[in-house]
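Asks: build me a model from this:
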Amino acid sequence: MEIIRTAAPEDAERLLAIYAPYVERTAISFEYLPPSPEEFRERIRTTLERWPWLVVQSGAELLGYIYAGPLGVRRAYQWSCEVSIYLSPAGQGRGLGRRLYERIEDLLRRMGLRSAYVCVAVPEEENDPRLTDNSLRFHRHLGYREVGRFPGSGRKFGRWYGVVWLVKELAPHGEECPEPVPFPALPPEEREAITL
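Replies: This next block holds a predicted model:
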């Protein structure tokens with residue numbers, strides 16, 4: 001049985017074990033070197049001060065994670081966010097990515113967010129050994145629509161890569177728009193772990 005729960009800084013080493021291969025072997029992440037466990041722990045802690053960071057867990061094994069963060073630093077961006085997801089090989093192909101997105105989008109709506117953006121790396125050449133268009137197709141399948149394409153915006157492993165920005169509207173952009181609440185301010189029952 002899998003559960004989705006809020007991450008904790010103590011999860012850092014196990015989550016870093018999921019993330020590091022994306023950095024070291026793929027162009028999915030544009031980082032060149034994996035962060036240290038201490039730096040990754042700090043990323044989790046800092047994110048959780050305002051935003052959700054969720055993990056999917058089966059027994060003692062963490063199979064993946066998803067988190068949200070600010071789209072920009074200016075105040076007018078506060079109704080939008082950027083979302084990132086990473087799954088372990090054992091977590092792929094089981095519908096867990098979709099379930100993580102459903103859960104975080106629900107939380108973001110409860111917080112008062114209106115738009116969720118994702119930035120996806122895309123290959124510039126056919127049959128790239130470090131990157132496919134799977135992530136782009138996955139996000140389109142979830143209802144994200146392309147709003148911007150930046151070819152040749154990153155270089156890794158001696159190759160150029162582009163990025164595509166996609167968006168999903170979480171709620172209408174009406175006149176009534178209270179300021180979003182931070183994730184920790186949601187009622188505890190809304191932040192509880194859910195069983196899949």
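Asks: grab the most central residue of this protein for me.
Replies: For the chain, residue 84 is the residue whose C-alpha lies nearest the centre (Cα atoms, centre = their mean; 1.5 Å).
Asks: count of residues packed around residue 96?
Replies: Counted by other Cβ atoms under 10 Å, the residues lying close to residue 96 total 22. No exception for glycine: its C-beta is placed from N, CA and C like everyone else's.
Asks: just checking, it touches residue 57?
Replies: No. Shown here, residue 96 and residue 57 do not form a contact pair, counting by Cβ atoms under 8 Å, at 10.3 Å.
Asks: anything in contact with each of the two?
Replies: Common contacts of residue 96 and residue 57, defined by Cβ atoms under 8 Å, 6 or more residues apart in numbering, comprise 2, 63.
Asks: make sure the residue nearest to the centre of the chain is actually in contact with residue 118.
Replies: Yes. With contact defined as Cβ under 8 Å, residue 84 counts as touching residue 118 (7.3 Å).
Asks: the strands in the protein, which residues?
Replies: 2-6, 53-58, 61-70, 80-87, 115-123, 145-156, 159-169, 194-195 (DSSP state E).
Asks: follow-up on the earlier one: now do the contacts for the residue nearest to the centre of the chain.
Replies: 66, 67, 69, 118.
Asks: same question, residue 11
Replies: 44, 55, 62, 65.
Asks: and residue 175, what's its pLDDT?
Replies: Each residue has a pLDDT score; the one for residue 175 is 84.
Asks: burial count for it?
Replies: 5.
Asks: again with residue 6
Replies: Close neighbours of residue 6, defined as other Cβ under 10 Å, add up to 17.
Asks: quick one: contacts for it?
Replies: By Cβ under 8 Å, 6+ apart, residue 6 lies in contact with 48, 52, 53, 54, 55, 191, 193.
Asks: wait, which of the residues you listed is closest to residue 25?
Replies: residue 55 (21.6 Å; Cβ to Cβ).
Asks: distance of the closest one relative to residue 75?
Replies: Taking Cβ to Cβ, to the nearest Å as the measure, residue 55 falls 30 Å from residue 75.
Asks: quick one, which of these two is more surrounded?
Replies: Counted by other Cβ under 10 Å, residue 55 and residue 75 do not tie: residue 55 has more neighbours, with 23 against 7.
Asks: and that one, what is it in contact with?
Replies: 4, 5, 6, 7, 11, 15, 62, 64, 65.
Asks: the second one touches residue 62, doesn't it?
Replies: No. In this structure, residue 5 is not within contact of residue 62 by Cβ under 8 Å, at 9.9 Å.
Asks: which of the two has more neighbours?
Replies: The neighbour comparison of residue 5 against residue 62 (other Cβ under 10 Å) goes to residue 62, with 21 against 17.
Asks: skip the chain neighbours and tell me the closest residue to that one.
Replies: Excluding its sequence neighbours, the residue lying closest to residue 62 (Cβ to Cβ, 6 or more residues apart in numbering) is residue 14, at 4.7 Å.
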